[in-house]
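S.K.: Any chance you can model this:
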Amino acid sequence: MSPTGTFFTHRRLIGLAVGAQMLFLLAVAAAGYATTALGRTITLRTTPVDPRDLLYGDYVRLNYTISQVKPTLWHGPEAPKKHQPVYVVLHAQNGVYEAAGVYATEPAVAPEQAILRGWVMDSWRHGLRLRYNLERYYVPENSGQTLEKAGARRPLLVRVSVAPWGQARITKVEELPK
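M.R.: This is a model prediction of the structure:
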């Protein structure tokens, strides 16, 4: 092969690599926007902690009521294991979604119910501790303390958009109305 042919082959490969990276970034961004646009919005109850990260700025770490569930809600063939993916069926109770069941495989649900995908962080006789990747909410600089103080007085409400394919994204954190 001539040196010119090799040059164009390398150039084409570099162009394909750059194009693939750009497509990946666009797909990640599009998935986030599609979750908000096409997803169903549910409301969860939470309490905030840890409002500051030196590298990322102000954030609120959220501890949902659905993060610790009773062991009677588990519907799996065997005991849940640490880091196991699970599906949490949620039903509305006074405008806020609460856990109705935790499953090892994705169950069919009624139209008024929602499913959040989570992971088992801990399992013991008295319950399961779950993680949803919704536990950090970044806020504008110097507003994390305000949200934490509001959450110390009463639980906060978190609006979460859940896409039909299971991806979830926090859209809003607000104080519980008086």
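
S.K.: What's the first helix or strand after the host helix or strand of residue 26?
M.R.: Per DSSP states H and E, residue 26 falls inside helix 3-38. Per DSSP H and E, the first helix or strand lying C-terminal to helix 3-38 is strand 40-49.

S.K.: and the helix holding residue 26, what does it pack onto?
M.R.: strand 156-162, strand 168-175 (3 or more C-beta pairs under 8 Å, 6 or more residues apart in numbering; DSSP states H and E). For glycine as for every other residue, the C-beta is placed from the backbone atoms N, C-alpha and C.

S.K.: In a markdown table, list these along with mean neighbour count.
M.R.: Below are the helices and strands packed on helix 3-38 laid out as a markdown table (neighbours: other C-beta atoms under 10 Å):
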| stretch | mean neighbour count |
| --- | --- |
| strand 156-162 | 20 |
| strand 168-175 | 16 |
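
S.K.: if we can go back for a sec, so the helix holding residue 26 versus strand 168-175, what angle?
M.R.: 40 degrees (axes from the mean of the first three to the mean of the last three C-alpha atoms, to 10 degrees).

S.K.: Please identify the buried residues of helix 3-38?
M.R.: Buried residues in helix 3-38, counted by 16 or more other C-beta atoms under 10 Å: 34, 35.

S.K.: thinking again about what came up before, using CSV, please lay out the helices and strands packed on helix 3-38 together with distance to residue 103 and mean pLDDT.
M.R.: CSV is the format used below for the helices and strands packed on helix 3-38 (distance: least, C-beta to C-beta, whole Å; pLDDT from 0 to 100):
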stretch, distance to residue 103, mean pLDDT
strand 156-162, 16, 89
strand 168-175, 16, 86
